[in-house]
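> my questions are about this predicted structure, shown below with the sequence.
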Number of protein chains: 2
Amino acid sequence: MNEDLEMKNRIEIVEDNDVVRDGLKLLINSMSKHNVVAAYISCEQAIKNLDKDLPDVILMDLDLPGMSGIEGIRRIKKRNQEIHLIVITVHEDSEMVFEALCAGASGYITKNANHSRLLDAIDEVQSGGAPMSTRIAKMVVSSFQRNQNSPLTSRETEVLELLAKGKSYTVIADELFIHKETVKSHIKNIYFKLHVNSKADALEIARKNKLI
Amino acid sequence: MNEDLEMKNRIEIVEDNDVVRDGLKLLINSMSKHNVVAAYISCEQAIKNLDKDLPDVILMDLDLPGMSGIEGIRRIKKRNQEIHLIVITVHEDSEMVFEALCAGASGYITKNANHSRLLDAIDEVQSGGAPMSTRIAKMVVSSFQRNQNSPLTSRETEVLELLAKGKSYTVIADELFIHKETVKSHIKNIYFKLHVNSKADALEIARKNKLI
DNA sequence: AAACAATCCCCCAATCTTAGGTATTTTTCA
DNA sequence: TGAAAAATACCTAAGATTGGGGGATTGTTT
């Protein structure tokens, strides 16, 4: 039971619900290769003891008293890039998912996942993977794909992409081998179709609707 | 064997290597719920027969004679958004991965994956998932994360983000509650640090290095 | 025939961008 | 605590960009 404690994977839990936290702890400790070195109810506590606990993997809830899990991920990653953070949450809304991934989460598992999936996730991050629940993976992959019902023509989309890269009308014209005035016409049409009248607004609408 | 053909999942394969293609066909047909309705060596053939074959899922190689798998994915998705495309390839380089996902792939499995993983992937796309090999998932998740060794300060990064949204110096100043001249100073410093002297170049370098 | 897409042209005024500077205050870190 | 870095603000100036008007032609698709 306590032999080779040094060799075990050091797992930490940050979760404010007592039942869930204790359940996770029991589950993980039931694997001889893992050792739950700490379990906290807030990011503040976890961060304070980070240098003492030295976790390899942290399972992190997102709804926490005080500092949010997202901010916690950001700060922990900043302090130590080696630590793998796996989000364990009920949230499946895209905003949360992308914020957590941008903040530095290596995995994202929803709480309805079964136990073996969770244990697999711990192994997976440690071998350089990125475990995700099915629906999360779908959201992530979908984020790369464009809206197929764009009101813009392909040429307009092309112009808007170059605009998004910060290029001027002149440069866009050169790259597309068309006249600068043509670029202006396209942009006028884009603004009309998107009901905007500035570059920033056009880009905002376009990105929100995945037109570019 | 041939009872309830109508109810089976209609699977199609596009793969130019005979051995691989036949192997996949045998493997998939060994599952009573699946039926390989077509197997082609090129996207051109697959597209020509799309309305006849009516596949639910297509397993697609990327290196193909003639039209590339990427372009094939794009065209097939355009023709029928309902079809799930799973990339089956040896390529693990990020460019290929992201191009395939942007083109509309629902999954991305590398050829070294074991058979059950591949069969699982077919089930997974049909239930709305996005099956990926471990390393692919990691690449995808990493793509959300920034370079932690940015030469830019957090304020500079903030300014650059707003610039990337197409906002003018004036608007940026307003949003950050600072003077327009301060924004200019930040941008001068950004250009200096990134060794560029224009917005478009700064954005290109910043995006390439995941500074924003 | 009508609608759409892509191309090009003109004018104009306001704003923006980049390039030189300098300088103060605040924060961070060794 | 003292130096360095970061964030802030200001100045001048020229040239480029942007957005709002107006229009026109050519081809494609329906």
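Perfect, thanks for sending it.
> does the helix or strand containing A:Met96 reach chain B?
Using DSSP states H and E, A:Met96 falls within helix A:94-103. Yes. Using CB under 8 Å from any CB of the partner chain, helix A:94-103 reaches chain B at A:98, A:101-102. Where C-beta positions appear, they are placed from N, C-alpha and C, glycine not excepted.
> helix or strand next in line after that helix, which one?
strand A:107-110.
> which residues are in contact with the helix or strand following that next one?
Sequence order places helix A:115-126 as the next helix or strand after strand A:107-110, per DSSP H and E. With CB atoms under 8 Å, 6 or more residues apart in numbering or on different chains as the test, helix A:115-126 has contacts from A:9, A:11, A:24, A:27-28, A:31, A:34, A:56-57, A:59, A:84, A:86, A:88, A:106-107, A:109, A:113, A:130-131, A:133, B:134.
> again, only this time at 10 Å
A:9, A:11, A:23-24, A:27-28, A:30-31, A:33-34, A:56-59, A:83-88, A:105-111, A:113-114, A:129-134, B:134, B:137-138 (CB atoms under 10 Å, 6 or more residues apart in numbering or on different chains).
> now the buried members of the residues of helix A:94-103 next to chain B.
Buried by 16 or more other CB atoms under 10 Å in any protein chain shown: A:Leu101, out of the residues of helix A:94-103 next to chain B.
> quick revisit: okay, and which of the contacts of helix A:115-126 map to helices?
A:23-24, A:27-28, A:134, B:134, B:137-138 (DSSP state H).
> just to revisit the earlier point, now do the buried residues in the helix holding A:Met96.
A:96-97, A:99-101, A:103.
> same thing with stretch A:145-162?
For stretch A:145-162, using 16+ other CB under 10 Å, the buried residues are A:150, A:152, A:156-160, A:162.
> and what of stretch A:101-114?
Applying 16+ other CB under 10 Å to stretch A:101-114 flags A:101, A:103-111 as buried.
> picking that back up, could you dump the residues of helix A:94-103 next to chain B to a markdown table with distance to DNA strand D and pLDDT?
Shown next, in a markdown table, are the residues of helix A:94-103 next to chain B (distance: CB to the nearest atom of the strand, whole Å; pLDDT from 0 to 100):
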| residue | distance to DNA strand D | pLDDT |
| --- | --- | --- |
| A:Phe98 | 24 | 96 |
| A:Leu101 | 24 | 97 |
| A:Cys102 | 19 | 95 |
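> ok, the residues of helix A:94-103 next to chain B vs chain B, which is closest?
Distances from chain B to these, taken as CB to the nearest CB, are shortest for A:Leu101 (4.1 Å).
> close to DNA strand D: what parts of chain A are there?
Residues of chain A lying near DNA strand D by CB under 7 Å from any atom of the strand: A:168-171, A:184-185, A:187-188, A:191, A:197-199.
> what's the domain layout of chain A?
A:5-142, A:154-208 (automatic domain parsing).
> name the stretch among those that sits most buried.
domain A:5-142 (a mean of 18; mean count of other CB atoms under 10 Å in any protein chain shown).
> how about that domain and DNA strand C, touching?
No. Contact of domain A:5-142 with DNA strand C (CB under 7 Å from any atom of the strand) is absent, the minimum separation being 10.5 Å.
> could you find the closest non-adjacent residue to the residue of chain A found nearest DNA strand D?
For chain A, the nearest residue to DNA strand D under the criterion CB to the nearest atom of the strand is A:Asn197, separated by 2.8 Å. Counting by CB to CB, 6 or more residues apart in numbering or on different chains, A:Tyr191 is the residue found nearest to A:Asn197 once chain neighbours are left out, at 5.5 Å.
> ok, A:Lys208 to A:Arg155 distance?
21 Å (CB to CB, to the nearest Å).
> residues contacting the lengthiest helix in chain A, please?
Assignment by DSSP H gives helix A:180-194 as the longest helix of chain A. Helix A:180-194 is contacted from outside by A:150-153, A:155-160, A:162-163, A:167-176, A:178-179, A:196-199, A:201-206, A:209, A:211, using CB under 10 Å, 6+ apart.
> again, 6 Å this time
Contact with helix A:180-194 is made by A:151, A:156, A:159-160, A:169-170, A:172-173, A:197, A:202, A:205, as judged by CB atoms under 6 Å, 6 or more residues apart in numbering or on different chains.
> do it and DNA strand C meet at all?
Yes. Counting by CB under 7 Å from any atom of the strand, contacts between helix A:180-194 and DNA strand C involve A:181-182, A:184-186.
> is the helix or strand just after that helix positioned near chain B?
Later in the chain than helix A:180-194, the nearest helix or strand by DSSP H and E is helix A:199-208. Yes. Interface with chain B: helix A:199-208 contributes A:199-200, A:203 (CB under 6 Å from any CB of the partner chain).
> which residue is nearest the centroid of chain A?
By CA atoms, centre = their mean, chain A has its centre lying nearest to A:Leu101, at 1.7 Å.
> show the model's pLDDT score for the closest residue in space to that residue that isn't next to it in sequence.
Closest residue to A:Leu101 apart from its sequence neighbours, by CB to CB, 6+ apart: B:Phe144 at 4.1 Å. pLDDT, B:Phe144: 96.
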